[in-house]
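Q: Got a predicted structure here, sequence first:
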Protein chains: 2
Amino acid sequence: MIFFPMLETGQTYEQTFSYTQEEVEAFARISGDHNPIHLDAEYAAGTPFKRPIIHGFLGASVFSRILGTAFPGEGTIYLKQEMQFKRPMYVDTVYKAILTVEEVQPARHRARIATQVVQADTGKVVVDGFAEVMNAERI
Amino acid sequence: MIFFPMLETGQTYEQTFSYTQEEVEAFARISGDHNPIHLDAEYAAGTPFKRPIIHGFLGASVFSRILGTAFPGEGTIYLKQEMQFKRPMYVDTVYKAILTVEEVQPARHRARIATQVVQADTGKVVVDGFAEVMNAERI
């Protein structure tokens, strides 16, 4: 049996990750978001970003992965996500997701969790916000 | 030349859409979110949802598609998205995204846009929230 601790205020979880251009293209196909800012290097060169940026929804989906598979994990029901895209995200670049439990309501099995993506090398915040989740077993 | 009207307060944009289980599986691969609630019919049968539900991030990515490709379209930079997942979303089910311009700041090329997903048949709200975007050409 694996031991899963209950979520408590102040707990944090971190995970480094990166995306490839192939994953960006796959996300464009699934979502239908073919905005050239994500896909066309020549187009992106003419923007303030200079090169293609990752879809915000793909970059922030790391929160979905962590909440649904690790922290708190299986059984998590997503209630709310707020996210500010503060800086562009690029492919083949290492980022770190940092999740911090801000508030737990054990009776309702709910928690509010701060969700950030930062640049792994500089710590600069690229995505900032919070999630509200429910998990009958782990909250 | 195609005419793109500038975004104005009160304008709305609607688009119907649906997802397949294959797209849910593809999103699980790209995002790494393999929560069985999205992928395992037997597991899902034992939850209040009874059958697999779509990842919230996949369901809400319709906002990314519309904002980035249609309304306001090419050149859109995502600044913020807030989303409440109010009801589950299922595959092979028709939903409608409804976007309504709430506020425009022409000098800053920014707009706040209410973003909803509703059940196409009943009109019940499944995702509710708003986006903030920037577009130098269309706002």
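A: Looks like it came in fine. None of the values given here were measured: they were computed from a predicted structure.
Q: which intervals of chain A have sub-threshold pLDDT?
A: For chain A, the stretches with pLDDT under 70 are A:1-4.
Q: Can you show me the helices along chain A?
A: A:21-31, A:36-39, A:41-45, A:56-69 (DSSP state H).
Q: Give me every residue in chain A lying close to chain B.
A: For chain A, the residues in contact with chain B (Cβ under 8 Å from any Cβ of the partner chain) are A:17, A:23, A:26-27, A:29-38, A:47, A:55-58, A:60-65, A:68-69, A:74-85. Placement of C-beta: from N, CA and C, glycine included.
Q: Restricted to buried residues, select the residues you listed in ChimeraX.
A: To isolate the buried ones among those in ChimeraX, judged by 16 or more other Cβ atoms under 10 Å in any protein chain shown, type:
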select /A:17,23,26,27,30,31,32,33,35,36,37,38,47,55,56,57,58,60,61,62,63,64,65,68,69,74,75,76,77,78,79,80,81,82,83,84,85
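Q: who touches the closest residue to A:Tyr43 other than its chain neighbours in this structure?
A: Distances taken as Cβ to Cβ, 6 or more residues apart in numbering or on different chains place A:Pro36 nearest to A:Tyr43, at 4.0 Å, with adjacent residues excluded. Under the criterion of Cβ atoms under 8 Å, 6 or more residues apart in numbering or on different chains, the neighbours of A:Pro36 are A:43-44, B:74.
Q: Tally up the residues packed near A:Thr122, please.
A: 8 (other Cβ atoms under 10 Å in any protein chain shown).
Q: which ones are touching the residue nearest to A:Lys50 when sequence neighbours are not counted?
A: Excluding its sequence neighbours, the residue lying closest to A:Lys50 (Cβ to Cβ, 6+ apart) is A:Ala44, at 6.8 Å. A:Ala44 is in contact with A:36-37, A:50-53, counting by Cβ under 8 Å, 6+ apart.
Q: Where do the strands of chain A begin and end?
A: A:12-17, A:77-85, A:95-105, A:110-119, A:125-134 (DSSP state E).
Q: for the first one, which positions count as buried?
A: In other words, strand A:12-17. Judged by neighbour count using 16+ other Cβ under 10 Å, the buried positions of strand A:12-17 are A:13, A:17.
Q: Also the fourth one?
A: Counting neighbours by 16+ other Cβ under 10 Å, one finds that the buried residues in strand A:110-119 are A:110-113, A:115-119.
Q: okay, it in CSV with CA atoms only?
A: Written as CSV, here are the backbone C-alpha positions of strand A:110-119 (Å, rounded to 0.1, in the frame of the first residue of the first chain):
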residue,chain,number,x,y,z
ARG,A,110,-11.7,21.1,-1.0
ALA,A,111,-8.4,23.0,-1.2
ARG,A,112,-7.2,26.2,-2.7
ILE,A,113,-3.7,25.8,-4.2
ALA,A,114,-1.4,28.6,-5.5
THR,A,115,-0.1,27.6,-8.9
GLN,A,116,3.0,29.1,-10.5
VAL,A,117,5.3,28.3,-13.4
VAL,A,118,8.8,29.9,-13.1
GLN,A,119,11.9,29.9,-15.3
